[in-house]
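Trainee: need the 3D shape of this:
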Amino acid sequence: MTFATFVARVLLPKAMCLSCGEPRRIDVDDELCDMCVAALEELKLSKNVCPHCLSPRLNQAPCAYCLKGGMRYLAVAYAPFHYHGVVQHLVARLKFGRIDDAARPLAAGMAECIAGIHFDALVPVPLHARRLAERGINQAEWLCRLLSQRNGLPVVNALKRTRSTRRQSSLHQPEKRLQNVEDAFEALLPVRDMHLLLVDDVRTTGATARACAHALMKAGAADVSLLTAAIAPPRKSKMLGA
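Mentor: Numbers count the residues shown, from 1 in each chain. Sure, this is the predicted structure:
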């Protein structure tokens with residue numbers, strides 16, 4: 001650790017980069033150092049993705065994710081970043097470190113993705129009460145709050161978890177992930193004919209998003225799209241499960 005880093009950590013804790021922990025400029029309203037800002041820019045999704053689900057593809061042929069039902073119950077997926085490096089660090093700081101400011105660079109990118117697109121409300125993916133008590137924060141709800149500040153869309157807690165589920169990241173077989181969240185959500189509020197934007201931090205293979213969207217569609221929503229901060233790289237094995 002350099003002397004400058006030590007001084008910044010002791011005397012200026014708010015002036016630390018939330019990704020790498022190195023000192024950052026305090027004359028700008030940013031949570032990242034210059035190097036991590038540049039790294040975040042490099043993690044933006046390229047144009048070589050499916051316009052429907054954002055999965056990587058090399059040509060105009062329908063992508064495997066869509067063909068295998070990855071977008072079932074979902075209209076369109078939006079996300080600004082790949083889940084790697086700086087983005088991974090920010091998500092971890094938000095989810096497990098309870099550092100609210102880590103959501104700001106993520107929410108800024110998410111807001112750009114949906115600029116000019118009409119939705120009636122933002123719907124955060126809910127946590128079970130037990131998981132919320134453990135973490136102290138629902139990262140999806142916090143991202144929704146920041147997005148609402150930027151675009152004025154209302155945040156509607158229209159979903160609840162009907163049962164506690166295992167962490168999807170602990171399940172490596174797609175079938176297990178699907179079973180884990182099947183019928184785990186239900187709509188709490190009337191959403192008939194509403195165009196809803198479901199919000200979460202990361203989409204891996206989409207089982208949670210599909211389960212949430214299914215519950216909203218059963219409650220009468222006109223359509224449900226998905227906005228996440230990042231898209232995780234596809235697993236080399238089978239595809240559908242997170």
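
Trainee: quick one: least confident helix or strand in the protein?
Mentor: helix 174-181 (a mean of 55; mean pLDDT, DSSP states H and E).

Trainee: run through who's touching the very next helix or strand once past that one.
Mentor: Next in sequence after helix 174-181, counting helices and strands by DSSP states H and E, comes strand 185-187. Here strand 185-187 makes contact (CB atoms under 8 Å, 6 or more residues apart in numbering) with 126, 158-162, 211-212, 214-216, 218-219. Yep, even glycine has a C-beta here, placed from its N, CA and C like the rest.

Trainee: same thing with stretch 56-76?
Mentor: Contacts for stretch 56-76 (CB under 8 Å, 6+ apart): 48-50, 52-53, 55, 77, 198, 205-206, 209-210, 213-214, 217, 223-226, 234, 239-240.

Trainee: out of those residues, which are buried?
Mentor: Buried members of the contacts of stretch 56-76, scored by 16 or more other CB atoms under 10 Å, are 49-50, 52-53, 55, 77, 198, 205-206, 209-210, 213-214, 217, 223-226, 239-240.

Trainee: can you pull the domain assignment for the chain?
Mentor: Under the assignment automatic domain parsing, the domains of the chain span 1-40, 43-231.

Trainee: worst mean pLDDT among the ones you listed?
Mentor: With a mean of 73, domain 1-40 has the lowest mean pLDDT of these.

Trainee: now name the helix or strand holding Ala230.
Mentor: Assigned by DSSP H and E, Ala230 falls in strand 223-231.

Trainee: and Ala111, by the same measure?
Mentor: Ala111 belongs to helix 103-113, assigned by DSSP H and E.

Trainee: mind listing the helices for this structure?
Mentor: 3-11, 34-42, 64-67, 85-95, 103-113, 129-135, 139-151, 174-181, 207-218 (DSSP state H).
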